[in-house]
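>>> Predicted model, plus sequence, below.
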Amino acid sequence: MASVIPNAGAMSEFLEAFEVRSKLTDQVYPCRFSHVWNAIATRHCDTIDCKFFVQGRGVVVGLAHTAFVEFRERTGRHITDREASYLAALYLSRRLEEEDERSLYDVPHAEVLGLVEQAGIR
């Protein structure tokens with residue numbers, strides 16, 4: 001993966017639709033990315049929210065904003081919206097592989113930074 005994934009095109013097209021297969025039952029979860037927004041204002045929490053549709057149901061993955069701040073302090077650049085959507089998709093895929101189905105996931109600071117490292121974002 002490139003060290004920076006720039007924002008380009010419509011937000012709903014940042015990620016292609018994807019499928020996740022459960023490791024437990026082999027169930028397939030069709031997923032489609034919708035958009036990113038700042039949840040500090042909408043949910044009054046310190047996250048960047050990424051919305052997906054999983055089997056047609058709305059699912060939100062909230063990435064801890066403090067990890068975005070730490071990343072910026074370390075690297076001198078911001079995580080792009082497209083990169084945030086990619087990180088959220090990685091997290092969502094892991095949860096669905098374990099059949100951990102929820103309408104809202106809050107991803108803690110350390111886990112967001114782990115996803116950044118896994119994705120090779122620098």
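Everything's here; your move.
>>> pretty sure residue 69 is in a helix, no?
Yes. Judged by DSSP: H, G, I helix; E, B strand; the rest coil, residue 69 forms part of a helix.
>>> so what's the residue nearest the centre of the chain scoring on pLDDT?
With distances taken as Cα atoms, centre = their mean, the chain has residue 88 as the residue nearest its mean C-alpha position (1.0 Å). The score at residue 88 is 98. That number is its pLDDT.
>>> How about the one 5 residues further on?
Looking at residue 93, its pLDDT is 98.
>>> So which bits of stretch 77-94 are buried?
For stretch 77-94, burial by neighbour count (16 or more other Cβ atoms under 10 Å) applies to 79-92. From N, CA and C alone the C-beta is placed, and that goes for glycine too.
>>> that older thread, in terms of contact, does the residue nearest to the centre of the chain touch residue 61 like I think?
Yes. Residue 88 is in contact with residue 61 according to Cβ atoms under 8 Å; the separation is 3.9 Å.
>>> shared neighbours of the two, which are they?
Common neighbours of residue 88 and residue 61, using Cβ atoms under 8 Å, 6 or more residues apart in numbering, are 50, 52, 107.
>>> re earlier: among the buried residues of stretch 77-94, name the ones in strands.
Residues of the buried residues of stretch 77-94 located in strands (DSSP state E): none.
>>> follow-up on the earlier one: out of the shared contacts of residue 88 and residue 61, which is most surrounded?
By neighbour count, taken as other Cβ atoms under 10 Å, the most surrounded of the shared contacts of residue 88 and residue 61 turns out to be residue 50 (29 neighbours).
>>> any idea which helix or strand of the protein has the worst average confidence?
One helix or strand of the chain scores below all others by mean pLDDT, DSSP states H and E: helix 39-42, with a mean of 67.
>>> just checking, next helix/strand downstream of it?
Next in sequence after helix 39-42, counting helices and strands by DSSP states H and E, comes strand 47-54.
>>> Packing partners of that next one?
If you count contacts as 3 or more Cβ pairs under 8 Å, 6 or more residues apart in numbering; DSSP states H and E, strand 47-54 packs onto strand 28-38, helix 39-42, strand 57-64, helix 65-75, helix 81-97.
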